[in-house]
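Q: Any chance you can model this:
(one chain, ligands or ions: 1)
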Amino acid sequence: MCQLEVLAQAVSTQAQTLSRSWHEGKDHALSSCDSRRTTIPPLDPQGEEARNQLLAALRTLEQLVLGPKDTMQSFYYRTAEAGVIQALCQLQVPRHVPLYGSISYADLSKKVGVSEDRLKHLIRIAAVCSNFLAETEDGLVKHSDNSLIWQLDPLAATGMEVMLDHLPSSSFKLGEVCTQDPMDEKQEVCGFSLARQQPLYLYLETHPAEGRSFAAHMRAQAAQYGDSAIQACYDWSRLKEKTIVDCGGSFGSVAAAIVRKEPTIKCIVQDLPKVVDSAIKATAQDSSFPHDSISFQAHSFLETQPVVADVYLFRMVFHNWSDAGARRILQALRPALRPGARVVCVEYVMPPIGTAPSYAELATRRLDNVMYTLMKGKVRELSEFKDLFESVEPDLVFASFKQGQLRATHDPRCHSVLEWVYKPASVQGESEAHSS
Ligand SMILES: C[S@@+](CC[C@H](N)C(=O)[O-])C[C@H]1O[C@@H](n2cnc3c(N)ncnc32)[C@H](O)[C@@H]1O
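A: Numbers count the residues shown, from 1 in each chain. Predicted coordinates:
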């Protein structure tokens, strides 16, 4: 059998397994007005693995069928097609198309102030190329599975709009970034800042509506699977009676998940002053928030850490920072470290090239690209994490690594956990002397 047939057969086998798992639950209809589902239904482990394998096989199959020249063309065509979806969103088109039923081009044209002819072209491009919006048999505009998100999950839709507005244009600055900062020494020189003349966080501050949408979308993404992903990723019972500083802990949802699992833990959530202000206001109204166990503190992790604690937690922080920035964060932590203190990172970790299933590596390399483009961040391999910590504080001894799930599409279950313990050489020397 040739590669084409082998792949096609793999697709068929995996599709059968996926279909079995998919149809086991009652609620299996994909995004539709009736199911109100914008994600695939929960699958059993076999179904999950079949989905991963299927996505990888379909991608290889498509490239094989296209051949190299048409594959390369499809890359820039798709970028241009993302531009069409961005334009339709900017014009608020998907919000004017009703959840049920349809709208005429004439009415849509009046609502968004663009000619019927131009709308027809744009919507037909989006519908045919990206399954975004659709036409009824009578030539009216209705939602497709993909555009339904704009009606069913406005928070996700707004987050996607922010990404569509900025990610493609920022990514086309990467060459310039590498020319201006060839050694990755300047955190502020990144695709986003070259495209928008200011870094992402300042841009979001000066565009408050976008800032609020972006932050809410990010929080919703991080909170997928509720408390369970964070509670399962580490044995929090090992930290009974301990104090954790959650560095860059945002609105305290991670801290809340931890103390709900292990109520003897005390947590201090640190973040930038504006975030802490909003977090205090938001949690004050939330009677389910474990106020007795969690306090908030405004502190930049680029400044000397003021709290001596048992554990310093960094969840989804380091991937936002270049090595130079990450070293600053660790340097600022050093003065607070006491023997036995732990540093725990909950992060996406890049598998060394070619070692993980291709679907998992693809998803993680995509994330690496997004982080570098938007923030000069980096998704690190385990060895890169170890080198980073070693370069700043060799007495932080690497203690453990727990691999997150390998999946074709990322969610908090994919987070790995890395742990270091502070064992200063002098203390290590003393304990060795006592034991001999
Ligand atoms: C990707 S979010 C992760 C939030 C949270 N740890 C979680 O896992 O959901 C990064 C967080 O770092 C915070 N942050 C950025 N710069 C910071 C700084 N210099 N000092 C403290 N926090 C900072 C942001 O406000 C944001 O809450």
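
Q: in the stretch 151-300 of the chain, which spans are strands?
A: Secondary structure of the stretch 151-300 of the chain (DSSP state E, counting those that start in this stretch): strands located at 243-247, 266-271, 294-298.

Q: Can you add mean pLDDT, distance to the ligand and mean neighbour count and give those strands back as JSON lines?
A: Just so you know, the C-beta spots here come from the backbone N, C-alpha and C atoms, and that holds for glycine as well. Compiled in JSON lines, those are given as follows (pLDDT from 0 to 100; distance: least, CB to the nearest ligand atom, whole Å; neighbours: other CB atoms under 10 Å):
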{"stretch": "strand 243-247", "mean pLDDT": "98", "distance to the ligand": "6", "mean neighbour count": "24"}
{"stretch": "strand 266-271", "mean pLDDT": "98", "distance to the ligand": "5", "mean neighbour count": "23"}
{"stretch": "strand 294-298", "mean pLDDT": "98", "distance to the ligand": "9", "mean neighbour count": "17"}
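
Q: Quick one: the ones you listed as a markdown table, columns for distance to Leu99 too.
A: Shown next, in a markdown table, are those (distance: least, CB to CB, whole Å):
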| stretch | distance to Leu99 |
| --- | --- |
| strand 243-247 | 39 |
| strand 266-271 | 36 |
| strand 294-298 | 38 |
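
Q: out of these, nearest to Arg212?
A: Among the strands of the stretch 151-300 of the chain, strand 266-271 comes nearest to Arg212, with 15.9 Å by CB to CB.

Q: ok, the closest one: who's next to it in the sheet?
A: strand 243-247 (parallel), strand 294-298 (parallel) (DSSP bridges).

Q: now what about the last one, what contacts it?
A: If I follow you right, that is strand 294-298. Here strand 294-298 makes contact (CB atoms under 8 Å, 6 or more residues apart in numbering) with 252, 255-256, 259, 266-273, 276-277, 279-280, 283, 307.

Q: What residue in the stretch 151-300 of the chain comes nearest to the ligand?
A: Of all residues in the stretch 151-300 of the chain, Gly248 sits closest to the ligand, at 2.9 Å by CB to the nearest ligand atom.

Q: wait, what's in contact with the nearest residue to Ser278 once chain neighbours are set aside?
A: Excluding the flanking residues, the one nearest Ser278 by CB to CB, 6 or more residues apart in numbering is Phe251, at 7.3 Å. Going by CB under 8 Å, 6+ apart, Phe251 touches 219, 275, 278-279, 282-283.

Q: just Gln53 next, same as before
A: 10, 14, 357, 359.

Q: How about Ser300?
A: Going by CB under 8 Å, 6+ apart, Ser300 touches Leu272.

Q: Write out the residues of this structure neighbouring the ligand.
A: 222, 248-250, 254, 271-272, 275, 300-302, 315-317, 320 (CB under 6 Å from any ligand atom).

Q: Now for Gln187, how many residues are close by?
A: When neighbours are defined as other CB atoms under 10 Å, Gln187 has 20 of them.

Q: what helix or strand does the closest residue to it other than its chain neighbours sit in?
A: Closest residue in space to Gln187, ignoring its immediate chain neighbours: Gly325 at 4.5 Å, by CB to CB, 6+ apart. Under the criterion of DSSP states H and E, Gly325 resides in helix 323-333.

Q: So which elements touch that helix?
A: If you count contacts as 3 or more CB pairs under 8 Å, 6 or more residues apart in numbering; DSSP states H and E, helix 323-333 packs onto helix 382-392.

Q: and Val11, which of the three is it?
A: Following DSSP: H, G, I helix; E, B strand; the rest coil, we place Val11 in the helix state.

Q: Quick one, grab the pLDDT at it.
A: Model confidence at Val11, expressed as pLDDT, equals 95.

Q: That one: what's it in contact with?
A: Val11 touches 54, 57-58, 61, counting by CB under 8 Å, 6+ apart.

Q: hmm, which of those are the buried ones?
A: The neighbour-count criterion (16 or more other CB atoms under 10 Å) marks 54, 57, 61 among the contacts of Val11 as buried.

Q: residues contacting the first one?
A: Taking CB under 8 Å, 6+ apart as the criterion, Leu54 is in contact with 11, 14-15, 18.

Q: switch the cut-off to 6 Å
A: With contact set as CB atoms under 6 Å, 6 or more residues apart in numbering, Leu54 has these partners: Gln14.

Q: After the longest helix seen in the chain, which helix or strand is next?
A: Longest helix in the chain, counting residues (DSSP state H): helix 45-90. Of the helices and strands lying after helix 45-90 in sequence (DSSP H and E), the nearest is helix 93-96.
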